[in-house]
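Chemist: one predicted model, sequence on top.
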Amino acid sequence: MDFQPSNNAGPDDFFTYRERHAHRHDVLERVIEIGGSFITSMLALRFILALLGANATNGFATFVNSVTAPFVAPFYNLFSYDHPSVGVSTFEGYCLVAMVVYGLLTGGLAKLVSITRYE
């Protein structure tokens with residue numbers, strides 16, 4: 001139950017309410033940043049594995065590709081060329097674009113949450 005300071009509340013009661021409200025925004029901001037960092041890190045790992053020519057049937061590579069597939073799907077046919085590759089190495093440019101977009105979205109959402117906090 002939230003504590004709403006009444007008209008006859010003292011300054012300590014109001015400070016506690018503001019502090020609790022600010023704490024919730026801090027926690028939400030951190031959760032957004034951690035989630036965005038996880039997504040961006042997994043996308044970077046996918047990019048590096050493809051660039052190094054990791055075996056697609058390997059369990060770890062399959063896990064990384066399956067976790068990141070929903071996040072790169074909107075950017076998959078962004079470029080007109082198919083995946084440029086040399087030997088087994090593949091350059092996934094759409095993965096780089098996804099990392100930039102999700103990084104900007106994470107930063108923007110975290111900033112939006114921090115703006116709405118009591119000051």
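Modeler: Structure received.
Chemist: buried ones in the helix or strand where residue 108 lies?
Modeler: Per DSSP states H and E: residue 108 is located in helix 93-115. Neighbour-count burial for helix 93-115 flags 94-95, 97-99, 102, 106, 109-110, 113 (criterion: 16 or more other C-beta atoms under 10 Å). (Glycine included, C-beta is placed from N, CA and C.)
Chemist: contacting residues around residue 91?
Modeler: 50-51, 83-85 (C-beta atoms under 8 Å, 6 or more residues apart in numbering).
Chemist: near residue 68, how many other residues are there?
Modeler: 19 (other C-beta atoms under 10 Å).
Chemist: what's the closest non-adjacent residue to it?
Modeler: Nearest residue to residue 68, sequence neighbours excluded (C-beta to C-beta, 6 or more residues apart in numbering): residue 46, at 4.7 Å.
Chemist: any idea how far that neighbour is from residue 61?
Modeler: 9 Å (C-beta to C-beta, to the nearest Å).
Chemist: pick out whichever of those two has more residues nearby.
Modeler: The neighbour comparison of residue 46 against residue 61 (other C-beta under 10 Å) goes to residue 46, with 23 against 16.
Chemist: host element of the more buried one?
Modeler: Residue-wise, residue 46 maps onto helix 11-51 under DSSP H and E.
Chemist: could you say what helices and strands the very next helix or strand once past that helix packs with?
Modeler: Next along the chain after helix 11-51, taking DSSP H and E as the criterion, comes helix 59-72. Judged by 3 or more C-beta pairs under 8 Å, 6 or more residues apart in numbering; DSSP states H and E, helix 59-72 is in contact with helix 11-51, helix 93-115.
Chemist: residues of helix 59-72 that come out buried?
Modeler: Result for helix 59-72 [16+ other C-beta under 10 Å]: buried residues 61, 64-65, 68, 71-72.
Chemist: so which residue is dead centre in this structure?
Modeler: What sits nearest the mean C-alpha location of the chain, by C-alpha atoms, centre = their mean, is residue 36, with 1.3 Å.
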